[in-house]
Every structure is written in structure tokens, then in C-alpha cells.
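**Student:** Generate a structure from the sequence data that follows.
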Amino acid sequence: MKKHARKHEGKVASKSAVIFASAIATVLTLFSNPLAQAAGSARSQVAPTAALAPGVQRKDFVTWLSWQEGESIQRLFSNISSPDTARGSVMASPERVAPNYFFHWTRDAALTMGEVLDLYDRTTGTDRARIKKMMLEYVDFSRDNQLSNALTGLGEPKFNPDGSPFMGGWCRPQNDGPALRAMTLTRFANRIIDDGEINYVRTKLYDNEIPAHTVIKADLEFVAHNWRTPNCELWEEVEGQHFYNRMVQRKSLVEGAKLARKLGDVGAAAFYDQEAQALAVELAKHWDERVGAFIPTIERTGGLSYKTSGLDSSTILAVLHTTYDGTELISFTDPKFISTLVALTESFRGLYPINAASTGLPGIAIGRYPEDMFGGTHFEFGNPWILLTAAFASSSYKIAGEL
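**Tutor:** Okay, the predicted model is just below:
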């Protein structure tokens with residue numbers, strides 16, 4: 001929000017012109033990345049000035065975009081309530097060997113179902129009914145997860161395909177999961193309240209009682225009472241207090257407070273707002289003037305010790321996943337966000353061979369963090385991620401949209 005950006009004074013304000021100039025250069029670079037185009041809707045026309053990789057024709061690329069959207073949606077649906085899994089589960093991947101990702105992660109499922117909810121808003125008739133059924137089954141599966149004997153309660157990171165909690169060694173708790181689930185289901189609750197289904201919301205999603213008997217209420221209570229507890233970040237490698245986790249925790253409480261007021265739970269709404277404001281204070285501590293970026297973790301309590309740069313793409317995801325509905329803490333044109341985006345982009349520019357000028361590819365491929373050593377099945381060297389490259393491109397479009 002512009003209001004938030006105006007709060008940044010002193011040294012940060014003196015850097016604003018340089019940061020914005022660098023950001024524009026980054027925007028222009030990432031705009032020309034084919035992955036940047038894929039980050040937008042396939043229904044949108046490709047930017048007329050965008051450069052494509054050598055040998056790629058614009059008409060072929062536009063055709064591919066349209067095909068890829070449908071293909072991606074079908075692949076997404078195939079991992080929801082897939083064969084040999086519980087109804088409402090969302091498998092992270094069909095891959096079961098080297099590595100085995102055939103699990104339901106609370107975080108990944110919430111983000112996935114958030115996309116499913118967007119599709120719900122875009123469809124009609126039988127397609128809309130099918131998607132609504134997916135959402136309702138996800139609600140029931142989530143409540144079963146909450147009631148299971150998981151080792152860390154609602155902060156448990158992942159569940160087996162049958163819905164039973166994973167009991168093996170893992171980085172736990174991961175307290176961004178309940179926050180993300182609350183965010184997705186709060187949006188769903190508001191949709192179906194508008195459709196006249198408030199009784200379902202009160203029965204399954206948000207009741208006004210303590211202890212909570214519904215999914216959103218239980219998640220919000222967990223977040224409000226546990227956000228100060230050290231936990232694991234989304235890469236499942238470091239323990240402490242994390243920018244990403246705190247951003248989604250704050251967002252869930254802000255949106256949850258609005259839903260609570262709508263349903264007459266005014267005391268809870270005030271409590272959620274209070275904790276959201278406290279989180280905003282703590283989030284400000286993640287800015288590092290020396291690095292020129294929001295740093296991913298402070299008050300580290302365990303995990304990997306070689307992440308020394310203070311740069312991590314999760315900080316970009318944190319803003320992308322929370323900037324909607326006008327309740328964001330950090331806007332895309334906030335000088336600190338732009339500075340973080342630029343610092344991260346520059347850190348990857350010379351890191352991966354694919355980014356060498358000799359490849360002829362436009363744009364910069366982005367990884368998790370510069371020191372990353374995880375290659376999927378080994379710990380020797382990291383690699384760029386399509387997901388993160390697209391996220392950076394999306395951020396660049398959003399910056400341009402706010403300028």
C-alpha cells in the first residue's frame with residue numbers, strides 16, 4: 001500500500017531513486033523472459049514488446065500458452081482426490097521414488113486449493129459444481145487432519161495419502177500451513193455466504209465457539225496463539241522466525257477478523273486484529289539495511305547454517321501470496337520490496353550456466369537462495385526453479401501495474 005511505503009524514511013528513502021531505477025531495469029529484463037509470459041493468464045495477449053528465446057515464433061508461443069493452461073489445470077486436478085488417496089487430499093506430486101513427494105502438505109494444498117477457488121469463480125454449470133465438490137471435500141479432509149494425532153498438532157507439515165499424519169522425522173512444526181489454509185477457506189466462506197450458504201459456513205468453516213469445532217476457526221486460534229513460537233520455514237531447512245510465515249500468519253488474521261465480524265464473533269475479531277498488528281511490528285524487523293532486502297529468518301534456532309547472504313526467494317513469495325483484497329502490509333512498489341527483488345535477481349545472474357549471455361536466453365532464471373545445495377535428490381548444488389522464475393516475473397508485472 002502507498003501508505004506503508006511512505007513510512008520508510010531515512011536511509012531507505014535516500015536509496016529510493018536508485019532502487020526504482022534498478023527495478024525498472026529488472027522489470028524490462030523479466031518481461032522478456034518466456035517464463036514471465038507464462039506467469040500471466042494464457043488468455044492475455046503476449047506483450048507486444050516481449051522478446052522470445054531464439055527460434056521461438058510469437059504465434060507458436062501464444063498457441064503453447066493456451067494449450068499449457070488447460071494442461072496445467074488437468075494436471076492440478078489429477079492430484080486432488082487422486083486414486084488410492086483420501087477424498088479431499090492434495091498430493092504434492094505423483095512421484096513416489098527419489099524423491100517421494102506423494103504426500104499432502106498443508107501449505108502446498110492450501111496454495112493449490114486457492115488456485116482451484118480462482119477457477120471456481122471463472123466457471124459455470126457442471127464445471128463449477130465439480131470444483132465446488134473439490135472444495136467441500138478439501139474442507140472435510142482438512143478437519144480430519146486437525147483432529148488427528150499429529151505430532152505437532154495443527155502445525156504438522158504433511159500427511160499420508162490416506163489422511164493419517166506422517167510420523168517420521170521432519171522439520172516441524174511448519175506454522176505457515178494453518179495460516180494459508182485459513183486464507184484459502186476464508187475466501188471460500190465469503191463466496192458461499194454470498195451464495196446464501198451461511199449455515200454451511202457456521203457448521204463447517206467458522207463457528208463462534210472455543211474450543212473451535214470448525215476448520216477456519218481452529219486455524220485462526222492456532223495462528224493467533226502460536227505465531228511467536230519458533231518453527232520451520234517453507235523450504236523445511238531452517239528453524240526460527242520467518243518472514244514468509246509471519247506474512248501469511250498476519251494475512252490470515254486480518255482476513256479472519258473480517259469474517260469473524262461478519263458472523264458476529266466480535267471478541268475474536270478484536271483479538272485477531274490485535275495479533276495481526278503485533279505481527280506487523282515483528283515483520284519490520286526482517287528488513288536488513290546492509291543487505292538491502294527483507295531477510296528470510298531472524299532469531300534462528302536451528303537448521304542449516306550456511307545461508308549467510310540474507311537473500312531468499314521466499315520473501316518474494318511472501319508478498320505475492322498476501323497482496324490482495326486491499327489488506328496487504330507491503331505493496332509491490334514498496335521500495336523495500338523492490339530492493340529485495342533486485343538484490344535477489346542480481347545474486348542469481350552469474351550463478352547458473354543457463355543465465356550466461358552465451359545461451360541467448362532473455363531473462364534470469366531464479367533459484368531458492370544463492371547458497372542452495374539441494375538438487376532434488378542430492379546435496380551438492382542447487383538449481384533454478386520454474387516456479388520461482390515465474391514468481392519473479394509476476395512480481396515485475398505487478399510492480400509495473402502499480403507504477
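
**Student:** From the chain's centroid, how far away is the longest strand along the chain?
**Tutor:** In the chain, assigned by DSSP state E, the strand with the most residues is strand 297-303. Here the centre of strand 297-303 is set off from its chain's centre by 20 Å, with Cα atoms, centre = their mean, to the nearest Å.

**Student:** List the strands paired with it, with their directions.
**Tutor:** Here strand 297-303 is paired, per DSSP bridges, with strand 238-242 (antiparallel).

**Student:** Pull out the buried positions in the helix or strand following the partner strand.
**Tutor:** Per DSSP states H and E, the first helix or strand lying C-terminal to strand 238-242 is helix 243-262. Using 16 or more other Cβ atoms under 10 Å as the test for burial, helix 243-262 gives 243-260. Yep, even glycine has a C-beta here, placed from its N, CA and C like the rest.

**Student:** what number of residues lie near Glu69?
**Tutor:** A count of neighbours around Glu69, defined by other Cβ atoms under 10 Å, yields 14.

**Student:** Identify the residue spatially nearest to Thr315, adjacent ones excluded.
**Tutor:** Excluding its sequence neighbours, the residue lying closest to Thr315 (Cβ to Cβ, 6 or more residues apart in numbering) is Phe294, at 4.4 Å.

**Student:** what's that neighbour in contact with, if anything?
**Tutor:** Phe243, His286, Trp287, Asp288, Thr315, Ala318, Lys336, Phe337, Thr340 (Cβ atoms under 8 Å, 6 or more residues apart in numbering).

**Student:** Provide a complete list of residue ranges assigned to helices in this structure.
**Tutor:** 2-6, 11-31, 34-39, 58-78, 106-122, 125-147, 176-194, 198-200, 215-226, 243-262, 266-283, 314-320, 335-349, 386-402 (DSSP state H).

**Student:** doesn't Pro157 make contact with Asn145?
**Tutor:** No. If you go by Cβ atoms under 8 Å, Asn145 and Pro157 don't touch, sitting 10.9 Å apart.

**Student:** joint contacts of the two?
**Tutor:** Here Asn145 and Pro157 share the contacting residues Thr106, scored by Cβ under 8 Å, 6+ apart.

**Student:** Also compute the angle for the longest strand of the chain relative to helix 243-262, please.
**Tutor:** Counting by axes from the mean of the first three to the mean of the last three Cα atoms, to 10 degrees, strand 297-303 lies at 110 degrees to helix 243-262.

**Student:** Would you map out the domains in the chain?
**Tutor:** Using the TED database, the domain parsing of the chain gives 77-285, 287-402.

**Student:** Rounded mean pLDDT for the first one, please.
**Tutor:** I take that to be domain 77-285. Averaging pLDDT along domain 77-285 yields 97.

**Student:** nearest residue to Ala270 other than its sequence neighbours?
**Tutor:** Closest to Ala270 by Cβ to Cβ, 6+ apart is Ala257, at 7.6 Å.

**Student:** Report the separation between the residue nearest to Thr315 and Leu344.
**Tutor:** According to Cβ to Cβ, to the nearest Å, Phe294 stands 10 Å off from Leu344.

**Student:** Between those two, which contacts overlap?
**Tutor:** Thr315.

**Student:** for the contacts of Phe294, which one is nearest Asp162?
**Tutor:** Ala318 (31.9 Å; Cβ to Cβ).

**Student:** wait, the closest one sits on Val248?
**Tutor:** Yes. The pair Ala318 / Val248 is scored as a contact, 7.1 Å apart, by Cβ under 8 Å.

**Student:** show me the contacts for Asn190.
**Tutor:** Contact analysis of Asn190 by Cβ under 8 Å, 6+ apart lists Leu259, Lys262.

**Student:** try Gly303
**Tutor:** Residues near Gly303 by Cβ under 8 Å, 6+ apart: Cys171, Cys232, Glu237, Val238, Glu239, Gly240.

**Student:** Most neighbours among those residues, which one is it?
**Tutor:** Neighbour counts for these (other Cβ under 10 Å) peak at Cys232, which has 25 neighbours.
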